[in-house]
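Participant: For reference, the sequence and a predicted model appear below.
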Amino acid sequence: IFNKVVQEFPDATLTLVGADSNDVQTGSTSTWSLLQEQLSEKAKKRTTYLGKIPYAQVQEEIKKAHVCVFPSLAETLGMVTIESMALQKAVVNTNIGWAQDLIDHGKDGFMYHPDVTDLFVKTILELFEDKELTRTIGKSARASVEEKFDIKKIVHQNISFYQKNIE
């Protein structure tokens with residue numbers, strides 16, 4: 001994805017955050033080293049891998065981002081996606097599992113299957129070119145997260161749920 005993005009936007013940067021891990025499919029002890037093998041020379045020069053960083057620093061990295069991209073094949077409830085949306089960032093996410101309950105495609109984010117990389121590229125490029133779209137998606141993302149995760153709303157829903165199931 002980034003190889004194609006950096007061809008169209010040579011000043012684009014990719015910042016990767018998170019602990020390195022084993023890759024089940026290849027047996028490699030480092031997904032970061034696998035990724036480096038896939039990056040073009042141009043993309044490598046524009047990529048920074050921060051590894052596992054403190055939570056406050058993760059938020060600072062999200063704030064600096066223009067677009068947050070999460071093309072994961074194996075993700076549990078993606079807190080970083082929710083945090084990115086809460087920080088009014090345009091998100092391009094996997095459409096596997098839970099994300100479909102969180103993102104309204106085209107309204108408050110975008111979702112594609114991770115194997116369909118051209119759709120990720122197309123959307124990222126569109127967001128780079130259209131600042132108003134990026135702003136609108138970010139604002140809608142924030143509103144969506146507030147609606148779904150506001151503790152003042154959720155606590156009453158949880159109490160109601162448990163009261164019905166206790167009776």
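Facilitator: Cool, got the structure.
Participant: what packs against the longest helix along the chain?
Facilitator: Assignment by DSSP state H gives helix 131-149 as the longest helix of the chain. For helix 131-149, the contact count by 3 or more CB pairs under 8 Å, 6 or more residues apart in numbering; DSSP states H and E identifies helix 79-86, strand 90-94, helix 117-129 as packing neighbours. C-betas here are computed from N, CA, C, even on glycine.
Participant: Turn these into JSON lines, including mean pLDDT, mean neighbour count and distance to residue 70.
Facilitator: Conversion of these to JSON lines gives the following (pLDDT from 0 to 100; neighbours: other CB atoms under 10 Å; distance: least, CB to CB, whole Å):
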{"stretch": "helix 79-86", "mean pLDDT": "93", "mean neighbour count": "20", "distance to residue 70": "6"}
{"stretch": "strand 90-94", "mean pLDDT": "96", "mean neighbour count": "26", "distance to residue 70": "5"}
{"stretch": "helix 117-129", "mean pLDDT": "98", "mean neighbour count": "18", "distance to residue 70": "10"}
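Participant: closest to residue 7 out of these?
Facilitator: helix 117-129 (9.3 Å; CB to CB).
Participant: hmm, who's touching stretch 28-46?
Facilitator: 2-3, 6-7, 10-14, 16, 20-23, 26, 47, 49 (CB atoms under 8 Å, 6 or more residues apart in numbering).
Participant: List the buried residues in stretch 30-49.
Facilitator: Neighbour-count burial for stretch 30-49 flags 31-32, 35, 39, 43, 46-47 (criterion: 16 or more other CB atoms under 10 Å).
Participant: Measure how the longest helix of the chain sits relative to helix 117-129, angle-wise.
Facilitator: 110 degrees (axes from the mean of the first three to the mean of the last three CA atoms, to 10 degrees).
Participant: Select, out of the helices and strands packed on helix 131-149, the one closest to residue 108.
Facilitator: helix 79-86 (6.8 Å).
Participant: what about this protein, any weak spots by pLDDT?
Facilitator: Scanning the chain for pLDDT under 70 picks out the ranges 75-76.
Participant: Now which of the contacts of stretch 28-46 would you call buried?
Facilitator: In the contacts of stretch 28-46, burial by neighbour count holds for 2-3, 6, 12-14, 20, 47, counting by 16+ other CB under 10 Å.
Participant: quick one: which of the contacts of stretch 28-46 sit in helices?
Facilitator: Reading helices off those with DSSP H, I get 2-3, 6-7.
Participant: need those in TSV with distance to residue 164, can you?
Facilitator: Output for these, formatted as TSV (distance: CB to CB, whole Å):
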residue	distance to residue 164
2	48
3	52
6	53
7	55
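Participant: Okay then, goodbye and thanks.
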